[in-house]
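**Student:** sharing a sequence plus its predicted fold:
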Amino acid sequence: MLVGLAVLELHLPSSHGLKEKRRVVKSLVERLHERHRVSAAETDHHDLHQRAEIGIAAVGLDAQQLEQLFAKIRNAADAEVEAVVTRWDFQ
């Protein structure tokens, strides 16, 4: 059994307040959890309107399974229309 970790940093260009940012980030975190059964949470930049960091963790049987899972997660993040991925670190 292996643990995979990723850090996803987002730029939210149309967000003009923390309430708008929270709506986008919360929606993405909930979707990742529901669709991929991973743990995800906003981990940094809590006080910035247009920047967010999301930490993601998952357990898998082998490295290949985790790589496939995190590729799907990255694709989901790239598909988010209200945010742009500025950093992706997968370990």
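**Tutor:** Now that the structure is in, tell me what you want to look at. Residues are numbered from 1 along each chain as shown.
**Student:** rest of the way, CA atoms for contacts and neighbours
**Tutor:** OK.
**Student:** how about the strands of this structure, start to end?
**Tutor:** Secondary structure of the chain, counting by DSSP state E: strands at 2-11, 39-44, 51-60, 84-90.
**Student:** format those as CSV; extra columns: mean pLDDT and distance to residue 77.
**Tutor:** Compiled in CSV, the strands of the chain are given as follows (pLDDT from 0 to 100; distance: least, C-alpha to C-alpha, whole Å):
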stretch, mean pLDDT, distance to residue 77
strand 2-11, 95, 8
strand 39-44, 94, 12
strand 51-60, 95, 10
strand 84-90, 94, 7
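**Student:** for residue 32, find the nearest of these.
**Tutor:** For the strands of the chain, proximity to residue 32 was assessed by C-alpha to C-alpha; strand 39-44 is nearest, at 7.2 Å.
**Student:** hmm, back to that, could the strands of the chain be laid out in JSON lines, adding mean neighbour count and distance to residue 17?
**Tutor:** Supplementary listing: the strands of the chain in JSON lines, determined by neighbours: other C-alpha atoms under 10 Å; distance: least, C-alpha to C-alpha, whole Å:
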{"stretch": "strand 2-11", "mean neighbour count": "18", "distance to residue 17": "13"}
{"stretch": "strand 39-44", "mean neighbour count": "17", "distance to residue 17": "16"}
{"stretch": "strand 51-60", "mean neighbour count": "19", "distance to residue 17": "11"}
{"stretch": "strand 84-90", "mean neighbour count": "14", "distance to residue 17": "17"}
